[in-house]
Each structure stands twice: as C-alpha cells, then as structure tokens.
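Generate coordinates for the sequence data below:
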Amino acid sequence: MHEIDSGFRLDGRLIPWGTTMASAAADAGIAFADDGRVAYTRLRARCPRAYGFDTLAAEMGGFGGDRPVTSLAYELALPGDGSMDAARWIDPIRHACGVPERDETEEIAAGDAYASSRVRRYAHWQAGEASIGISIYGAPRSGPEGRSAGTLWLSWPHAKAAIPYLPPWRSACAALAVSARGARDLRAFTVQMKPSAMHLGSGRNAAHNRACELALTAPDVLDTPLGIATRLKPDQFAFWRNPDQKLACLSTRFDSRIWDEGSAVEVTHQVTRPAKGGGMAGLHLGRLSIYDFFGSRAIAEAADALAQMTGVTVKRVEDYDC
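Below is the predicted model of the structure:
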C-alpha cells in the first residue's frame, strides 16, 4: 500500500504519479482520442486485481491528454460468497496505513430498494501526498464487467499535478498585466449576483492553491490585472481592448479571459428559465463564466455588445431550471 505515494497500479503495472492521461492510456492499451482540450476526462481500463483486492476495472481521471492522472476509481469485485462485509477491504488498508482519518457508517434498512445506490461504509486515509478512500455500497451494483461491492479511490493532489503548468500560466498572467496598461474602451456591466473568483479557497495558501487549480484545470482563465480590477465594482464585469496589441478581454475583478481581436471566438449566452428553480442567466467564454438572475439585463446587453465584435459569435442556449 505504501507505494501509493509514488504511483498507481493498472493491471499489475506501477505507473508513476505525474504520468499524463495520454501516456497512461497508451501504457494500458486504451484507445484515447485526445482532442487537445483541457477538460475533465475519464478512461476505463482493464484491471482484474489491485492492492491485494479482486477488481473489475479501474477508471482514471484527469484534465485532458497532456495533464496527469489525478484520480483512480477501482471497482471492487463482489466476492463469490456474496459477502458485503466492509472489514474484508477496510482491515487490510488499516493494517498498512493505520487508523483512517474518516470512518463513516450509514444504516441501510433491509429491503431498501435504493440500497445499491447508497454507501453504507466509507473510510479515508492520507498516504503521503496521495490519499486513499474506500466506499462499500448498501447492496451490490451491476456494471459492464460484473457485480461490484464498492470502490477503492486513489487521488493525487492538484497542487503537485499543476507544477509543470504553473510557470506558463504565471507568465500569461504577467503578460496580461502588461497589456492592461494599454487598455481602452472598457465597458462595464452591473449584475445582481456578484462575480466570485474561481477556485478561491481560504487559509494561508489560498492564492497558491487557486493558481494551481487554474493552471491545471482552466489555464485560459488568468488573474485580472490590478489596473482593471480597481476600475470595477464588486458587482461588475467588463470587456476591454488593447488596440495596439489587437487583444480583447472579458474580466471580472478576479478572473479574465483574453482573445485576439478578429479571431473566431464563441461566447455562450445561457438563459435558464424558471421551473422548479428560479432560473438564471449566464455568459460563458472558455472556462470563464459569469452568472446573474433570470432576466438579467446586464447579461443580455453584454451578449449583444459582444456579438457586435468582429469574429465573436454569441450562441444563445435556453433550458429550464429543473
């Protein structure tokens, strides 16, 4: 179990943490059509046994082909005797890793029709930088490979996975700060839902952790330069230009998304009509999203204004808040 700190196992092979999704897929013999996007991706691999347990399959998770695998989910095979005793799986991990940091039990009544969709025992351990979790279901679940008793989870911290991607992201932020010195034609829009910073947590390392999350999972979203942020109120967003650099940018006080003026860019104008919920309105450009209440005049006006910019296509998408 202690090797978990250095990598993960697929079909008996130890693959080091930091291996990209594309490389891990090739190593596992999985066909992977990587479209080059940074987007959360899952890949299911053959894996009949892992960490001393019979398993049905392993599912890798990461943020695109050139991003590292950051999570694994191993489907635990239901034993031949049909036993769902959680100790069968938890005790070996406890022996290797000690007392779990979390150990939770949910009582599930006999005959519960939804027992298989629930978790009756969950435990979690930290194993160096990686972490281990195990979920035992309320009843067996059926899947493509057979019947499963639960899932063994492994995860590797985003702060480690992001290390190779932080320098180019920070360089892009620095370049945007320089571009902001030549900002022109800033047009601000006021919303009722104050924009918040993506991935902004709390604590001493909040800024670093945010940078890691953005660099790894949303590298097109950059820190808004101070010169732009100070021109916006907490309930505003704006778009602006640097004509000399032929650059355009959509910004909140925290997050910005740039594009080359005249290049093909698609903005989604989301209109979610009230149903069970109250509805909402939104603008989405790459990974940057700005939201407001349904019927937002600011969102509609910004969508119309963006549609007037050369190369920008605004796609209106309507649905219901169900």
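
Partner strands of the longest strand seen in the chain and their direction?
The longest strand of the chain (DSSP state E) is strand 130-143. Paired strands of strand 130-143, with direction, are strand 119-127 (antiparallel), strand 146-155 (antiparallel) (DSSP bridges).

Show me which parts of the longest helix anywhere in the chain are buried, residue by residue.
Counting residues, the longest helix found in the chain (DSSP state H) is helix 166-179. Neighbour counts over helix 166-179 (16 or more other C-beta atoms under 10 Å) mark 166, 169, 172-173, 176-177, 179 as buried. C-beta here means a position set from N, CA and C on the backbone, and glycine is covered the same way.

What I need now is those residues written out in TSV, including distance to P79 and pLDDT for each item.
Output for the buried residues of helix 166-179, formatted as TSV (distance: C-beta to C-beta, whole Å; pLDDT from 0 to 100):
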residue	distance to P79	pLDDT
L166	44	97
W169	46	98
A172	51	98
C173	52	98
L176	56	98
A177	59	98
S179	61	97
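
of all these, which comes closest to L288?
L176 (12.8 Å; C-beta to C-beta).

For the nearest residue to the closest one once chain neighbours are set aside, give me phi and psi.
Distance criterion C-beta to C-beta, 6 or more residues apart in numbering; nearest residue to L176, sequence neighbours excluded, is L222 at 5.2 Å. Per-residue torsions, L222: phi -110, psi 160 (degrees, to the nearest 10).

residue ranges with poor pLDDT in this structure?
1-2 (pLDDT under 70).

quick one, helices of it?
21-28, 87-97, 158-161, 166-179, 206-217, 226-229, 297-307.

returning to that earlier point: now the longest strand of the chain: how far from the chain's centre is it?
21 Å (C-alpha atoms, centre = their mean, to the nearest Å).

Pull out the buried positions in that strand.
130-141.

Just give me the closest of those residues to A109.
Distance to A109 across those (C-beta to C-beta) is lowest for G138, with 9.2 Å.

tell me the contacts of that closest one?
Neighbouring residues of G138 by C-beta atoms under 8 Å, 6 or more residues apart in numbering: 106, 108, 112, 114-120.

I'd like the distance between it and G36.
Distance, G138 to G36, using C-beta to C-beta, to the nearest Å: 40 Å.

again with A206
For A206, the distance to G36 - C-beta to C-beta - is 30 Å.

ok, these two, which is more surrounded?
Each of A206 and G36 has its neighbours counted (other C-beta atoms under 10 Å); A206 has more, 13 against 8.

isn't that one right up against H199?
No. Using C-beta atoms under 8 Å, A206 makes no contact with H199, being 9.2 Å away.

Figure out how far stretch 220-236 is from the centre of its chain.
That offset, for stretch 220-236, works out to 23 Å (C-alpha atoms, centre = their mean).

How about residues contacting it?
Contacts for stretch 220-236 (C-beta under 8 Å, 6+ apart): 38, 169, 172-173, 176-177, 179-181, 183, 186, 188-192, 194-195, 198, 214, 238, 240, 249, 251-258, 286-288.

out of those residues, which are buried?
Buried among the contacts of stretch 220-236 (16+ other C-beta under 10 Å): 38, 169, 172-173, 176-177, 179-180, 183, 188-191, 195, 198, 214, 238, 240, 249, 251-258, 286-288.

Which of these fall in strands?
Using DSSP E, the buried ones among the contacts of stretch 220-236 in strands are 188-190, 238, 240, 249, 251, 255-258, 288.

Out of the contacts of G138, give me the one that has the most neighbours.
R120 (19 neighbours).

dump the residue contacts of that residue.
86, 105-108, 136-138.

picking up where we left off before, turn the helices of the chain into CSV, including distance to D81.
Below are these laid out as CSV (distance: least, C-beta to C-beta, whole Å):
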stretch, distance to D81
helix 21-28, 30
helix 87-97, 10
helix 158-161, 39
helix 166-179, 50
helix 206-217, 42
helix 226-229, 62
helix 297-307, 58
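
So F32 sits against S23, correct?
No. Counting by C-beta under 8 Å, F32 does not reach S23; the two are 9.8 Å apart.

Perfect, that will be all.
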